[in-house]
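In: Could you look at this predicted model? Sequence included:
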Amino acid sequence: MKPNLTLLLTLLSFTGLAQTIKPDSTKRLEEVTVKGYYNHQTLLRSVSAVNLVDSSLIKNQPNSSLVSMLNTVPGVRMEERSPGSYRLSLRGSLLRSPFGIRNIKIYLDDFPLTDAGGNTYLNALDVSAVGTMEIYKGPEASIFGANTGGALLINAPAINRNEINVSATGGSYGLFHQTASIKQQYKKYSFSFNEGYQRSDGYRENSAMDRKYFQTLQQWNYNSAGSLKAFAFYSDLKYETPGGLTAAQSDQNPKLARPATSTLPGAISQQAAIYNKTIFGGISNSYQISQRLKHVIALFTSYTDFKNPFITNYEKRYESTLGLRTFLEYAQAKEDFKFNAQIGLEHSATKSQIKNFNNNGGEAAAMQASDRLKAGQDFAYFRLNFDINSKFLIELASSLNFYRYNYESFFPVVIASKQRKFDGQFMPKAAVSYLITSDFSARASVSKGYSPPTIAEVRSSDNNINNGLQAELGWNYELGMRYKTKNNRFYANGNLFSYHLKDAIVRRLNQNDAEYFINAGGTKQLGIELEAAFWMIKNNESFLTGLQWRSNYTFSHFRFENFANGTSTFSGNKLTGVPESILVNSLEFNFPKTFYLFIQHNYTSSIPLNDINTVFAKRYHLVESKLGIRNLRINKTHLDLFVGANNLLNVKYSLGNDLNAANGRYFNPAPGINFYTGLSIKL
């Protein structure tokens with residue numbers, strides 16, 4: 001713990017230094033706020049462990065992937081085993097996610113992107129669809145429903161002016177990313193259309209990706225009290241999956257796709273890939289009934305055509321979701337007391353038709369299994385907010401959660417429709433925040449998390465319906481502090497939490513590489529999350545007009561507790577897939593004529609790759625940079641030009657390991673040093 005205490009003391013010393021900085025002569029920046037699906041609240045006073053990823057962070061990161069920008073947030077780890085193959089973890093939630101995203105609730109504008117079965121196709125989105133992101137870590141399910149990992153709220157780019165944008169980026173390994181958008185406002189009506197196309201050959205064999213994306217947002221403020229919003233996107237995504245390698249194979253040739261063995265074919269011959277066509281739509285209405293009472297209702301639906309030729313089978317999945325979210329909000333404000341309350345509910349249902357076939361060189365052959373499942377998820381929630389003297393903020397909330405699924409089998413054995421219903425679960429949360437000074441706040445919270453098994457875990461690739469899985473349950477205890485200087489040149493945030501999870505759902509593989517899931521025991525997770533941002537030079541009239549330093553540190557003392565697999569016990573072992581320490585530092589240099597240079601360093605400690613802790617991925621240092629010129633004006637046209645480099649140290653590492661992999665195939669090697677360049681035009 002000594003290095004962590006040293007880092008904490010360093011952060012506190014910077015806090016003391018920041019208090020001596022003289023305010024600059026520029027106009028004070030607007031107060032940073034978070035939306036949290038409800039009313040806006042200042043980040044400084046938030047009772048939650050929330051981080052905001054806004055345009056100031058997004059602009060410096062590569063525009064072809066969400067990985068780098070999300071990995072700047074403490075407590076968050078995003079992986080991409082090959083282009084398009086996302087995995088997202090909040091505070092260790094990766095344990096049950098071999099691919100994709102589970103145990104995290106994701107919203108897109110006013111609408112849940114996560115379906116009733118617990119799955120989220122985040123990789124369907126083009127990066128240009130993201131305006132800002134709010135990340136809520138730990139159980140916030142009293143508001144966002146059943147999960148134990150947290151929630152991610154994605155807001156589409158704001159429509160605050162009339163403009164047309166086009167951009168193109170090209171880079172190593174056949175990377176090409178093109179976007180176009182239009183935003184228009186006509187009095188009470190505004191709309192935006194976004195289009196994106198991205199392709200890449202990939203670093204490894206059988207790792208190419210191709211995505212076509214279209215999105216629209218329409219908003220009509222039909223009177224002074226009411227606003228109607230419509231949102232829709234269509235995504236056509238294909239990415240090849242090269243598969244994991246052993247350590248020896250990775251050292252010999254990291255570009256290899258998974259080779260054939262004496263019993264199983266390889267990834268290339270089986271044309272292993274993911275094909276995902278998703279259409280998503282929603283409509284919401286917000287109405288201010290009176291000065292104190294507001295009503296919001298949102299309807300949403302989606303359809304996904306999913307195909308996955310894999311080594312051992314060819315899966316075809318057809319999924320449709322329909323849902324509703326609504327709430328009433330009551331707000332009352334007096335000079336020394338403010339009261340806010342919400343009551344609402346969310347309902348969603350997802351139908352899944354799943355068929356598995358033999359994979360004959362990338363073609364579906366003889367049928368292996370055919371099943372139909374329907375998941376239903378409902379929760380009602382109630383939240384109270386008391387703000388006393390604009391200093392002491394109290395939040396009391398709870399939700400009542402219901403989950404069920406129906407299943408029936410058609411092949412190889414016919415099973416009539418049956419239902420499994422989980423008991424209703426209360427998920428309470430109590431939190432306080434106190435403004436010690438106008439610039440320094442402290443907070444504390446206790447909350448319960450609950451996460452039932454997803455459809456992908458109930459009916460996994462072993463083609464069996466697993467009715468023995470129980471829901472995960474856990475309690476989270478947390479303390480936090482936030483500080484900023486009055487001139488907003490320095491900001492610091494720290495979280496300390498203890499999370500105890502029971503009945504953890506974990507992945508296992510049988511001898512045929514087919515996966516299944518079990519409840520293996522519990523985890524005990526102690527963590528520290530620190531972040532700071534400091535404008536060391538700002539609006540200076542010299543060669544260097546600005547210099548900003550950002551830093552975040554994550555310490556994860558995550559251990560298995562009463563955790564077993566058969567006769568093997570893993571209690572006390574490190575949590576699989578979770579590095580103990582991650583430190584990210586960046587510097588942004590601003591020069592005259594809007595030139596800039598951005599440099600970022602990411603240190604990630606060794607990562608346990610199996611539950612027994614006998615195999616670890618080595619620690620690594622990643623350095624990336626971006627150089628460019630922003631807002632170059634030619635008449636009424638604004639240009640952004642940039643060039644960037646990733647993995648400048650040419651480090652050998654794996655950004656996304658296969659956990660508890662069969663036959664030692666843990667590693668998915670990432671590219672060495674690679675480059676990109678691009679141009680953006682705004683009219």
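Out: Cool, got the structure.

In: what residue ranges in this structure are flagged as low confidence?
Out: Scanning the chain for pLDDT under 70 picks out 1-31, 36-39, 98, 141, 511-512.

In: at 50 what do you get?
Out: 1-30 (pLDDT under 50).

In: A273 touches P242, doesn't it?
Out: No: counting by Cβ atoms under 8 Å, A273 stays clear of P242, with 9.9 Å between them. Just so you know, the C-beta spots here come from the backbone N, C-alpha and C atoms, and that holds for glycine as well.

In: more neighbours, these two?
Out: With neighbours defined as other Cβ atoms under 10 Å, A273 and P242 compare such that P242 has more, 26 against 21.

In: What count of nearby residues applies to the residue lying closest to that one once chain neighbours are set aside?
Out: Distances taken as Cβ to Cβ, 6 or more residues apart in numbering place A257 nearest to P242, at 4.0 Å, with adjacent residues excluded. When neighbours are counted by other Cβ under 10 Å, A257 registers 22.

In: picking that back up, spell out which residues are contacts of both of A273 and P242.
Out: Counting by Cβ atoms under 8 Å, 6 or more residues apart in numbering, the residues touching both A273 and P242 are N206.

In: Partner strands of the longest strand that the chain contains and their direction?
Out: Identified as the longest strand of the chain according to DSSP state E is strand 363-388. Strand 363-388 has its sheet partners listed here by DSSP bridges as strand 337-360 (antiparallel), strand 392-411 (antiparallel).

In: Show me which positions of the longest one end up buried.
Out: By 16 or more other Cβ atoms under 10 Å, the buried positions in strand 337-360 come out as 338, 340-342, 344, 346-352, 354-357, 359.

In: Could you check how far that strand is from the centre of its chain?
Out: 16 Å (Cα atoms, centre = their mean, to the nearest Å).

In: same deal with stretch 521-534?
Out: That offset, for stretch 521-534, works out to 16 Å (Cα atoms, centre = their mean).

In: Show me what counts as buried in that stretch.
Out: For stretch 521-534, the buried set under the neighbour-count rule, 16+ other Cβ under 10 Å, comprises 521-525, 527-534.

In: Quick check: K421 touching R404?
Out: Yes: the pair K421 and R404 passes the contact test of Cβ under 8 Å, sitting 4.3 Å apart.

In: just to revisit the earlier point, who wins for proximity to D110 among the strands paired with strand 363-388?
Out: strand 337-360 (11.3 Å; Cβ to Cβ).

In: What's the end-to-end length of stretch 406-425?
Out: In stretch 406-425, first residue to last residue: 19 Å (Cα to Cα, to the nearest Å).

In: what's in contact with it?
Out: 146, 367-374, 400-405, 450, 452, 458-459, 465, 467, 471, 473.

In: For ChimeraX, write the selection for the buried entries among those.
Out: With 16+ other Cβ under 10 Å as the criterion, this ChimeraX line picks the buried residues out of the contacts of stretch 406-425:
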select :146,368,369,370,371,372,373,374,401,402,403,404,405,450,452,458,459,465,471,473
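
In: could you dump whatever helix or strand A180 lives in to CSV, C-alpha only?
Out: Assessed by DSSP states H and E, A180 sits inside strand 175-186. C-alpha atoms of strand 175-186 as CSV (Å, rounded to 0.1, in the frame of the first residue of the first chain):
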residue,chain,number,x,y,z
LEU,A,175,-7.9,1.9,-41.0
PHE,A,176,-10.4,4.2,-42.6
HIS,A,177,-13.0,6.1,-40.7
GLN,A,178,-15.4,8.6,-42.3
THR,A,179,-18.2,10.6,-40.8
ALA,A,180,-20.7,13.2,-41.9
SER,A,181,-23.4,15.1,-39.9
ILE,A,182,-25.9,17.9,-40.2
LYS,A,183,-27.5,19.9,-37.4
GLN,A,184,-30.3,22.3,-37.9
GLN,A,185,-32.6,24.5,-35.8
TYR,A,186,-35.9,26.0,-36.9
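
In: Could you list the buried residues of it?
Out: Of the residues in strand 175-186, 175-183 count as buried by neighbour count, 16+ other Cβ under 10 Å.

In: cool, stretch 540-553 as well?
Out: Buried residues in stretch 540-553, counted by 16+ other Cβ under 10 Å: 545, 547-548, 550-553.

In: quick one: which of those sit in helices?
Out: Assigned to helices by DSSP state H, none of the buried residues of stretch 540-553 qualify.

In: could those residues go into CSV alongside distance to V643?
Out: Shown next, in CSV, are the buried residues of stretch 540-553 (distance: Cβ to Cβ, whole Å):
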residue, distance to V643
T545, 20
L547, 20
Q548, 20
R550, 21
S551, 25
N552, 26
Y553, 29
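
In: R45: which of the residues you listed is nearest?
Out: Looking across the buried residues of stretch 540-553 and measuring by Cβ to Cβ, the closest to R45 is N552, at 20.8 Å.

In: Spit out the contact partners of that closest one.
Out: Residues in contact with N552 (Cβ under 8 Å, 6+ apart) are 72-74, 529-532, 583-584.

In: same deal with V651?
Out: Residues in contact with V651, defined by Cβ under 8 Å, 6+ apart, are 620-622, 672.

In: if I look at it, how far off is E79?
Out: Separation of V651 from E79 (Cβ to Cβ, to the nearest Å): 16 Å.

In: Could you do N562 as well?
Out: 28 Å.

In: Between these two, which has more neighbouring residues?
Out: In this view N562 and E79 are compared by other Cβ under 10 Å, and E79 has more residues nearby, 21 against 14.

In: before we move on, back to that, of the contacts of V651, select the buried ones using a ChimeraX command.
Out: Per 16+ other Cβ under 10 Å, the buried members of the contacts of V651 correspond to this ChimeraX selection:
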select :620,622,672
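
In: Which one of the contacts of V651 is nearest to L228?
Out: Looking across those and measuring by Cβ to Cβ, the closest to L228 is L622, at 44.6 Å.

In: Touching, that closest one and K652? I think so.
Out: No: counting by Cβ under 8 Å, L622 stays clear of K652, with 11.3 Å between them.

In: mind listing what S433 touches?
Out: Contact partners of S433, counting by Cβ under 8 Å, 6+ apart, are 45-47, 392-393, 441-443.

In: Could you list the buried residues of stretch 44-61?
Out: By neighbour count on 16+ other Cβ under 10 Å, the buried set for stretch 44-61 is 44-53, 57-61.

In: Mark which of the residues you listed are part of strands, please.
Out: Per DSSP E, the subset of the buried residues of stretch 44-61 in strands is 50-53.

In: buried sites along the helix or strand hosting R633?
Out: In the assignment (DSSP H and E), R633 maps to strand 620-634. Neighbour counts over strand 620-634 (16+ other Cβ under 10 Å) mark 620, 622-628, 630 as buried.

In: Likewise for stretch 587-596?
Out: Going by 16+ other Cβ under 10 Å, stretch 587-596 has these buried residues: 587-590, 596.
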